[in-house]
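Novice: any chance you could fold what I've pasted below:
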Amino acid sequence: MTTEFQNLLEIKAAFADLGCTKVVFKALSNNDNSKQQIYFGGNFDVIQLIPSGETRSDGISSKGPIFKSPLNFSWIAPDESPEQAKGTQFILYPKYPEVRLSGFLKNCTLAPSHLMKPSTPDERKARENSKRYLFLGIKKDQVFAYVSAWKSNLSNQATDLICHEETQQITSVFYELSVQRTDSKAKLIARLKEIYEMGAVQSHRLNKDGKRIQYKAQNGAGYTLEALFGITPNGSPDPDFEDWELKSHSGNVVTLMTPEPNCGTYLDSLELFVRTYGKVKEQVRMDFTGIHKHGEENPKTCLTLQLVGFDRKTSKIIDPNGGLHLVDTRGSIAAGWGFEKLIDHWKNKHSKTCFVSVTKIKKSVPEYLFGPEIRLAEGATLQNFLNSIFDKAIYYDPGVNLKFIKSKWKPKKRNQLRIKWKDLERLFEHINDSQL
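Specialist: Modelled structure (predicted):
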């Protein structure tokens, strides 16, 4: 029975058979072991690449604030079914910043424990000129893993791939091993060109069964664009098309995300929150609206948006229990988003975003023309995101209301973090404007 994958073709085929749409790999140093954990990079960009579960604060240690996030992580081997390592998790250290992988060997017989032991001084010396590699296959929210041995043919081929610049570095430590003939950007542009050439499209969306239904509301452009990509409006935080987020654009403002608060009066009682800080209309409707920028009190709500536990000078989180808080004049939190909530939305939404221009044609059922202008934006780092909030480029612009219907208050929640079109360069490292 084969116990190792012999070459890159075999490992690529194995990941492809599992349904992986992306394969990445990194060289493992001597410090990448079960005791010291595996180093995944000197920033948080990797958690936009590799899917993980809900982020949670884990207090403060000698290394500063700590956040943890579980992974659906399984080891693979030739002629074996994948086996999950259920204790696998990301450990995020904002102080440095740094990401490490831990718990990846626990209670998993298929895990390569023999390759992940801390090295002795003699072993370090003997392995100076050889490499191990960690290969990761990504399938939606699943991660499959394999480690190649020192001086193996697979490791030598991976080394040659990097040395000959035949692979693309996509984070500070990971390289891409393509398993698709067409990359996601090329596929995205090709589909957008097809949509542009369709001309005006009647406003619609897909229902839960994927059936097209007419849609007349004002926000039809986004639903229509998603429907043309076969996307049902399910509120998922995942990117829309492979690793790209799609956004229709026609004005001067972009809605980045709509995260629900996870602390404050809002969470305890939405009715009390809106009644206290919003506007009540004849006891049949209550609204909470208004732009809130960091450090400025909104004159109507008397609430101030504060980014608590963040050091703007270093662009780092210094208190894991902080976050983005709406604070009233007494210092009480009316609504808030902990850093773990902001990190989760950021990692799922803003690795790559495609903004598509849209022209609305007013009819009884509106029509939309998408394109030809598009903007491809990449590299929205967590530091850029938090800096943009602190610098008032990203602001909170809610559209929350409650209507009194059949003796009950029926809520409509829309908590928007928005940015002006001209300020997008503050958020993204790379922006490319082009036409279809």
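
Novice: pLDDT below threshold where in the protein?
Specialist: Residues of the chain that meet the criterion pLDDT under 70 lie in 1-2, 178-182, 234-239, 350.

Novice: got the domain boundaries for it?
Specialist: 8-176, 184-435 (automatic domain parsing).

Novice: pipe those domains into CSV and attach mean neighbour count per row.
Specialist: All C-beta spots, glycine's among them, are computed from the backbone N, C-alpha and C. What follows is the domains of the chain, written out as CSV (neighbours: other Cβ atoms under 10 Å):
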stretch, mean neighbour count
domain 8-176, 17
domain 184-435, 17
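
Novice: where's the closest residue to Y277 other than its chain neighbours, which helix or strand?
Specialist: Of all residues not flanking Y277 in the chain, T301 sits nearest, at 4.7 Å (Cβ to Cβ, 6 or more residues apart in numbering). Assigned by DSSP states H and E, T301 falls within no helix or strand.

Novice: my guess is T301 contacts H292. True?
Specialist: Yes. With contact defined as Cβ atoms under 8 Å, T301 reaches H292; the gap is 7.3 Å.

Novice: joint contacts of these two?
Specialist: Here T301 and H292 have no joint contacts, going by Cβ atoms under 8 Å, 6 or more residues apart in numbering.

Novice: what pairs with V280 across the strands?
Specialist: M286 (DSSP bridges).

Novice: what about the longest helix in this structure?
Specialist: helix 184-197 (DSSP state H).

Novice: so which elements touch it?
Specialist: In terms of contacts (3 or more Cβ pairs under 8 Å, 6 or more residues apart in numbering; DSSP states H and E), helix 184-197 is packed against strand 352-361, strand 367-378.

Novice: how about JSON lines for those strands, with distance to P112 added?
Specialist: JSON lines is the format used below for these (distance: least, Cβ to Cβ, whole Å):
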{"stretch": "strand 352-361", "distance to P112": "32"}
{"stretch": "strand 367-378", "distance to P112": "33"}
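
Novice: out of those strands, the one nearest D160 is which?
Specialist: strand 367-378 (27.9 Å; Cβ to Cβ).

Novice: determine how far that closest one lies from the middle of the whole chain.
Specialist: 21 Å (Cα atoms, centre = their mean, to the nearest Å).

Novice: and for that strand, what's in contact with it?
Specialist: Against strand 367-378 from outside (Cβ under 8 Å, 6+ apart): 185, 189, 192-193, 195-196, 199-203, 220-221, 224-225, 228, 248-249, 351-361, 424, 427-436.

Novice: which element follows that strand toward the C-terminus?
Specialist: helix 382-390.

Novice: the nearest residue to K412 once chain neighbours are set aside pairs with what?
Specialist: In this structure, K412 finds its nearest non-sequential neighbour in N401, 5.1 Å apart by Cβ to Cβ, 6+ apart. Bridge pairing for N401 (DSSP bridges) gives the partners D287, K412.

Novice: centre of the chain versus the helix or strand encompassing T276, how much separation?
Specialist: Here T276 sits within helix 270-277, counting by DSSP H and E. Remark: helix 270-277 is offset 31 Å from the chain centroid, using Cα atoms, centre = their mean.

Novice: ok, stretch 207-221 next?
Specialist: Counting by Cα atoms, centre = their mean, stretch 207-221 comes out at 25 Å from the chain centroid.

Novice: tell me how far the ends of it are from each other?
Specialist: 16 Å (Cα to Cα, to the nearest Å).

Novice: where do the strands sit along the stretch 151-300 of the chain?
Specialist: 175-176, 201-202, 204-206, 212-214, 245-249, 253-257, 279-281, 285-289 (DSSP state E, counting those that start in this stretch).

Novice: make JSON lines from those and add distance to T265 to it.
Specialist: Output for the strands of the stretch 151-300 of the chain, formatted as JSON lines (distance: least, Cβ to Cβ, whole Å):
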{"stretch": "strand 175-176", "distance to T265": "46"}
{"stretch": "strand 201-202", "distance to T265": "42"}
{"stretch": "strand 204-206", "distance to T265": "33"}
{"stretch": "strand 212-214", "distance to T265": "37"}
{"stretch": "strand 245-249", "distance to T265": "31"}
{"stretch": "strand 253-257", "distance to T265": "21"}
{"stretch": "strand 279-281", "distance to T265": "16"}
{"stretch": "strand 285-289", "distance to T265": "11"}
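
Novice: so which of these gets nearest F390?
Specialist: That would be strand 253-257 among the strands of the stretch 151-300 of the chain, by Cβ to Cβ, at 15.0 Å.

Novice: and that closest one with strand 245-249, angle?
Specialist: 160 degrees (axes from the mean of the first three to the mean of the last three Cα atoms, to 10 degrees).

Novice: strand 253-257 pairs with which strands?
Specialist: strand 417-420 (antiparallel).

Novice: residues contacting the next helix-or-strand element following the strand it pairs with, please?
Specialist: Sequence-wise, the next helix or strand downstream of strand 417-420 (DSSP H and E) is helix 424-427. Helix 424-427 has contacts (Cβ under 8 Å, 6+ apart) with 254, 256, 350, 375, 377, 380, 384-385, 387-388, 391, 393-394, 419, 431.

Novice: quick check: next helix or strand after helix 424-427?
Specialist: According to DSSP H and E, the helix or strand after helix 424-427 is strand 430-435.

Novice: ok, that following strand: who's next to it in the sheet?
Specialist: Under the rule (DSSP bridges), strand 430-435 has strand 367-378 (antiparallel) as partners.

Novice: can I get the strand it pairs with as CSV, trimmed to CA atoms?
Specialist: Output in CSV follows, covering the C-alpha atoms of strand 367-378 (Å, rounded to 0.1, in the frame of the first residue of the first chain):
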residue,chain,number,x,y,z
GLU,A,367,-34.6,46.8,-15.6
TYR,A,368,-30.8,46.9,-15.0
LEU,A,369,-27.8,47.2,-17.4
PHE,A,370,-24.7,45.9,-15.7
GLY,A,371,-21.3,47.2,-16.9
PRO,A,372,-19.3,48.0,-18.8
GLU,A,373,-17.2,49.6,-16.0
ILE,A,374,-15.9,47.2,-13.3
ARG,A,375,-13.6,47.7,-10.4
LEU,A,376,-11.5,44.8,-9.1
ALA,A,377,-10.4,45.5,-5.5
GLU,A,378,-8.0,43.2,-3.6
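
Novice: start at 19, not 1
Specialist: That works, and once the first residue is 19, the last one we named lands at strand 385-396.

Novice: okay, angle between that strand and strand 370-379 too, please.
Specialist: 160 degrees.

Novice: the inter-axis angle of strand 385-396 versus helix 202-215?
Specialist: Computed by the same axes, to 10 degrees, the angle separating strand 385-396 from helix 202-215 equals 160 degrees.
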